[in-house]
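Undergrad: Provided below are the primary sequence and the corresponding predicted coordinates.
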Amino acid sequence: MAAFLLRHRQVSTLGVSGILKADKLDPSRPHVESRLGALAGVCNLLREYSTSNDNRAHKFDFLDLTCPHAWYPVARRKNRKIFLHVGPTNSGKTYHALKQLESSPSGVYCGPLRLLAWEVAKRLNKANVPCDLITGQEREEVNGAKHKAVTVEMADVTSNYSCAVVDEIQMLGCMTRGFSFTRALLGISADELHLCGDPAAVPLIQEILKPTGDDIHVQYYERLSPLVPSQKPLGSFKNIQTGDCIVTFSRREIYKLKGQIERGRKHLCSVVYGSLPPETRTRQATMFNDASSEFDVLVASDAIGMGLNLNISRIIFSTMKKFDGVEMRDLTISEVKQIAGRAGRYGSDFPVGEVTCLLADDLPLLHSSLKSPSPILECAGLFPTFDLIFMYSRLHPKKGLYRIMEHFLENAKLSENYFIANCEEMLKVAAVVDVLPISLHDKYLFVISPVDMRNEISSQGLTQFAQNYAQKGIVRLKEIFTPGTLQVPKTESALKELESIHKVLDLYVWLSFRLEDSFPDRELAASQKAICGLLIEEFLERFGWQKQPKTRKLPSRVNSGFLLSKETRQYV
Ligand SMILES: Nc1ncnc2c1ncn2[C@@H]1O[C@H](COP(=O)(O)OP(=O)(O)OP(=O)(O)O)[C@@H](O)[C@H]1O
Ligand SMILES: [Mg+2]
């Protein structure tokens, strides 16, 4: 482990007696408020609780989640006009919703990815509509802005807007993140709410919104440029052409394919996959899009399915199977369509998109998936707000957050339109923080933080942050991270480690926005994050074959042991 001094591998047991009693909601933290969701909405419950005697409070069923629309009184005071923009990929859904946003006096765009929020903020500011950018890890405020571009988890359900857009609304069916889309759908208070996504979500949205009395208009779109499924497989990498994007689903395969294609000495490949830092993904995409760059082929995972504007002529599925955390399974119809739809983006260099597979055996599944409609969404994700958990905990003061969440999972009452979010990852964090003497509110914060508990370095980083926070109340980055040890990775495992370190630094930045006094080194973390990104890019550029001798100098050692090239050094 290069940079992190993760000393406490085992979580120490510090006892929790009396912790829950000391908990207080802190309404002075608006950003926390918006993330934790629907504070205002559940204020009704709070009011009832605070004015009630214990008997009444006991009678209140906090496990009853059958009316989530009632959690959002600000939105319920409005008669919202809902516009559903639905159709295939590349049909102009987001384009039309953004046009409305741009021309409204105030508004918010909620996207599923930081990359999309960045793109929208950039676009609005360029069109002279001042727009703030707010994601879990960024706050870029623009003078006089009445518009915001945010990641959906950051959507504020306590403000009023003229116009709001929720992009990729079909994600409300996502097992892990769906509940944030449901919250935005029910909770955003806007005169006009524009929802963009797959037609498969229409019946569910209509059903969910019935009790709200909102007016719903559905607008169907057609694809703007043709997408042609090929009858012939690629067969050999000799047939790769400029503008091709090969899709595969593991980092190892991505680098294997990049190596294989580059050994043919005709093409250089940019890569895009989920655990690359978002800035790196954007720069890799930019290099691929730039016709004058040497990188003319893309090797990518399904991380390209949303968010990036790519100049892809042809999508080639190297496989139609994906490991979903449990087993290898065929790609779903929606996944195939979403990924294939990236080819021939309207307005790109390639007016007609093509899609094929590496192997002939995979073609039938590709063709049948493209012809089939996506299965209708049956249920939307839901997760109890902090307030419900908080009040429930008052009645069960001996239960830690883990037990409370588990109880909600097992016993929550839901209507047939909803499912309770898969929170395996959150439970893992709850188990770590439950033994620490911190408030329920702080535990909940750690639980909803963007940590990847399957990643060892990332989960150890979280544990270290939480322990230091509990013990000292302040977490200095330098106590657990040694600047000067980062260097350009030489192997794929070193690359993986650097990606993980980036995740831990990202987590620090996320926490610094919510526990500002206790995580004071945001700037250091952000600059180290940027260095991680640059080092990863250096690895990517040096990996495999280089078409021409590079003008770039070989890396040299600079201050504090960083191994950086001249270009990278200028950022340090
Ligand atoms: N009427 C238009 N005039 C000019 N450009 C347009 C128009 N409609 C769409 N575009 C452009 O076409 C591309 C695809 O549009 P858009 O992103 O809105 O599609 P989408 O349906 O939201 O696709 P996805 O499902 O992939 O998100 C974008 O680059 C967009 O700017
Ligand atoms: Mg879109």
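TA: Yep, that arrived. Numbering: from 1, shown residues only. Ligands and ions are numbered 1, 2, ... in the order given.
Undergrad: Tell me the residue of the stretch 201-350 of the chain that sits nearest ligand 1?
TA: Closest approach between the stretch 201-350 of the chain and ligand 1, counting by Cβ to the nearest ligand atom: Y346, at 3.6 Å. The C-beta positions use only the backbone N, C-alpha and C, and glycine is treated the same way.
Undergrad: For that residue, give me its contacts.
TA: Shown in contact with Y346 (Cβ atoms under 8 Å, 6 or more residues apart in numbering): 90, 92, 224-225.
Undergrad: hang on, it in a strand?
TA: No: secondary structure of Y346 (DSSP: H, G, I helix; E, B strand; the rest coil): coil, not part of a strand.
Undergrad: Where does the residue of the stretch 401-550 of the chain found nearest ligand 1 sit: helix, strand or coil?
TA: Sorted by distance to ligand 1 under Cβ to the nearest ligand atom, the residues of the stretch 401-550 of the chain start with P450, at 22.7 Å. Put simply, P450 is coil when judged by three-state DSSP.
Undergrad: That one touches L507, doesn't it?
TA: Yes: using Cβ atoms under 8 Å, P450 is in contact with L507, at 6.5 Å.
Undergrad: Compare those two and say which is more crowded by neighbours.
TA: The neighbour comparison of P450 against L507 (other Cβ atoms under 10 Å) goes to L507, with 23 against 18.
Undergrad: In the lengthiest helix in the chain, which residues are buried?
TA: In the chain, with assignment by DSSP state H, the single longest helix is helix 492-514. Applying a neighbour-count criterion of 16 or more other Cβ atoms under 10 Å, one finds 495-514 buried in helix 492-514.
Undergrad: on that earlier part again, okay, among the contacts of Y346, which ones form the most distant pair?
TA: Greatest spacing in the contacts of Y346, by Cβ to Cβ: G92 and S225 (10.5 Å).
Undergrad: what about the strands in the stretch 1-150 of the chain?
TA: For the stretch 1-150 of the chain, applying DSSP state E, counting those that start in this stretch gives strands covering 81-86, 107-111, 131-135, 138-140, 147-151.
Undergrad: so which of these gets nearest ligand 1?
TA: For ligand 1, the closest of the strands of the stretch 1-150 of the chain is strand 81-86, at 7.6 Å, according to Cβ to the nearest ligand atom.
Undergrad: That closest one near ligand 1 at all?
TA: No: between strand 81-86 and ligand 1, judged by Cβ under 6 Å from any ligand atom, nothing touches; the nearest distance is 7.6 Å.
Undergrad: can you give me the mean pLDDT across that strand?
TA: The pLDDT scores in strand 81-86 average 98.
Undergrad: That strand pairs with which strands, parallel or anti?
TA: With DSSP bridges as the test, strand 81-86 is paired with strand 189-197 (parallel), strand 215-220 (parallel).
Undergrad: got those strands as CSV, with mean pLDDT and mean neighbour count columns?
TA: Shown next, in CSV, are the strands paired with strand 81-86 (pLDDT from 0 to 100; neighbours: other Cβ atoms under 10 Å):
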stretch, mean pLDDT, mean neighbour count
strand 189-197, 98, 24
strand 215-220, 98, 14
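Undergrad: could you dump those strands to TSV with distance to ligand 1?
TA: TSV is the format used below for those (distance: least, Cβ to the nearest ligand atom, whole Å):
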stretch	distance to ligand 1
strand 189-197	6
strand 215-220	11
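Undergrad: Which helix or strand lies directly C-terminal to the longest helix of the chain?
TA: Per DSSP states H and E, the first helix or strand lying C-terminal to helix 492-514 is helix 522-542.
Undergrad: Now do the buried residues in that following helix.
TA: Buried, per 16+ other Cβ under 10 Å, within helix 522-542: 522, 524-526, 528-542.
Undergrad: So which elements touch it?
TA: helix 278-289, helix 477-480, helix 492-514, strand 563-564, helix 566-569 (3 or more Cβ pairs under 8 Å, 6 or more residues apart in numbering; DSSP states H and E).
Undergrad: can you give me the mean pLDDT across the last one?
TA: It stands for helix 566-569. Helix 566-569 comes out at a mean pLDDT of 36.
Undergrad: Next, find the distance separating the residue of the stretch 201-350 of the chain closest to ligand 1 from S236.
TA: 31 Å (Cβ to Cβ, to the nearest Å).
Undergrad: Now do the phi/psi pair for the closest residue to L195 other than its chain neighbours.
TA: Spatially, and ignoring its direct neighbours in sequence, L195 is nearest to I169 (4.3 Å; Cβ to Cβ, 6 or more residues apart in numbering). With angles defined as degrees, to the nearest 10, I169 sits at phi -60, psi -20.
Undergrad: ok, I169 touching H194?
TA: No: using Cβ under 8 Å as the test, I169 is too far from H194 to be in contact (9.5 Å).
Undergrad: List the contacts of the spatially most central residue of the chain.
TA: Residue closest to the mean C-alpha point of the chain, counted by Cα atoms, centre = their mean, is L113 at 4.6 Å. Neighbouring residues of L113 by Cβ under 8 Å, 6+ apart: 151, 278, 306-307.
Undergrad: And it, how far from V299?
TA: Applying Cβ to Cβ, the value for L113 to V299 is 20 Å.
Undergrad: if we can go back for a sec, could you measure the residue nearest to the centre of the chain against ligand 1, distance?
TA: Here L113 is placed at a distance of 11 Å from ligand 1 (Cβ to the nearest ligand atom, to the nearest Å).
Undergrad: Quick check: phi and psi on that residue?
TA: Taking degrees, to the nearest 10, you get phi -130, psi 150 for the backbone angles of L113.
Undergrad: which bits of the stretch 201-350 of the chain sit near ligand 1?
TA: Residues of the stretch 201-350 of the chain found near ligand 1 (Cβ under 6 Å from any ligand atom) are 224, 309, 341, 345-347.
Undergrad: V272 reaches A303, doesn't it?
TA: Yes: if you go by Cβ under 8 Å, V272 and A303 touch, sitting 5.5 Å apart.
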